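sequence and predicted structure, then a few things I'm wondering about:
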Amino acid sequence: MSSSPSSPVNGDHRHHSGDFASFFETWLSEQNRDLNSLLTASTPPPHTPDEAAAQNHHLRPLVSAVLRRYEDYYQAKQASARRNVLPMFTPSWTSSTENLLLWCGGWRPSMVFHLLYSKCGIQVESHLEDLIGGAITWNLADVDAEQLHRIDKLHQGTLKREKEITEEEASAQEKAADEEMVELCHVMTVMGGGVEQMEEEMEGKKEAMEEVLKKADFLRIETLKGLVEILRPIQAVHFLIAAAELHLRVHEFGRKKDRDKRGDAPPASADA
């Protein structure tokens, strides 16, 4: 993982010329297709170590392809943010339900660990008798002690970076009340005008928030890649299924709630 915050991902630029909202809809369709591929690849489970080794070898390209799609998403997002960062913090392409959960313009990176532990717990519970009998489940119920140690180390590092970025975001937002802004707002109240000066003042603040977004997106993709790297391919498939299901189903629920509130007709399926 050699990316840097100034260049967080290495995907291509094929979607960057279009509007990000349109790109997002295309990306949702790709995520739906990836989910179907992952679900197909997860069954049937292997029955022997040799079958598991063969399946892991077969699944590695699929896992890599799914991660590249996430990388492409963040590269497109940053290209759009360089043009105009404002929509990234008030996205029109997500639902009001999703926007309630935003952290620094996206999902909180540490959420992937809670997702992993939740899915792991579900699979342990559903295979409890097999595990007690010493069987191997070939899913997240098989995460071992060495993997848990590495996951915990990654989790702690992610929490530390989250705290630093949160503090940087707070500092950038607090500058909305610095002396220059307070004085300018007073002059605008007394004398009127001042729109150009306000534009100049806000440019610096938008640049600071763009930097926050860049670092947050870098942490998001690097945390995802770091966690998948710790998992075996079979386990990674189960984790990526859970991640896609969580994103797609919450997005669909939120969009439906927004449509119901407005009385809109439902859109065409993302699979179309």
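Now that the structure is in, tell me what you want to look at.

please make it C-alpha for all contacts and neighbour counts, starting now.
Fine.

quick one: the strands in the chain?
In order along the chain, the chain carries no strands (DSSP state E).

lowest-pLDDT helix or strand in it?
Across the helices and strands of the chain, mean pLDDT, DSSP states H and E gives its lowest value to helix 128-132, namely a mean of 69.

what sits against Trp103?
Listed by Cα atoms under 8 Å, 6 or more residues apart in numbering, the contact set of Trp103 is empty.

mind checking how far Arg262 is from Trp103?
Noted for Arg262: a distance of 26 Å to Trp103, by Cα to Cα, to the nearest Å.

one more: Gly193?
Taking Cα to Cα, one finds Gly193 at 34 Å from Trp103.

could you do Asn32 as well?
From Asn32 to Trp103 the distance is 24 Å (Cα to Cα).

equivalent analysis for Phe23, please.
21 Å.

do the same with Met191
From Met191 to Trp103 the distance is 38 Å (Cα to Cα).

for Asp225, which non-adjacent residue is spatially closest?
Asp isn't right for residue 225; it's Lys. Leaving aside its chain neighbours, Lys225 sits nearest to Leu67 (7.1 Å; criterion: Cα to Cα, 6 or more residues apart in numbering).

shouldn't the one you found be in contact with Leu227?
No. Contact criterion Cα atoms under 8 Å: Leu67 and Leu227 do not qualify, at 11.3 Å.

ok, these two, which is more surrounded?
Leu227 (21 against 18; other Cα atoms under 10 Å).

contacts only, for the more buried one.
151, 154.

what about 7 Å?
Taking Cα atoms under 7 Å, 6 or more residues apart in numbering, we find Leu227 in contact with Ile151.

please renumber so the chain begins at 21
From this message on, residue numbering opens at 21, which makes the last subject Leu247.

distance of it from Asp284?
On the measure of Cα to Cα, Leu247 and Asp284 end up 39 Å apart.

now swap in Leu239 and tell me
Taking Cα to Cα, one finds Leu239 at 36 Å from Asp284.

do the same with Gly212
41 Å.

same deal with Ile156?
Ile156 is 49 Å from Asp284, by Cα to Cα.

those two: which has the busier surroundings?
Higher neighbour count among Ile156 and Asp284: Ile156, with 16 against 10, using other Cα under 10 Å.

quick one, helices of the protein?
40-61, 69-103, 106-109, 116-119, 131-146, 148-152, 165-194, 199-211, 215-250, 253-282 (DSSP state H).

mean confidence (pLDDT) on the fifth one, please.
Confidence over helix 131-146, taken as the mean pLDDT, stands at 92.

now do it: everything it contacts.
Residues contacting helix 131-146 (Cα under 7 Å, 6+ apart): 160-161, 175, 259.

list the contacts for Ala264?
Contacts for Ala264 (Cα under 7 Å, 6+ apart) come out as 51, 55.

please read off the pLDDT at it from the model.
97.

and what of Asp291?
49.

repeat that for Phe40.
94.

list the contacts of it.
Contacts of Phe40 by Cα under 7 Å, 6+ apart are Ser100.
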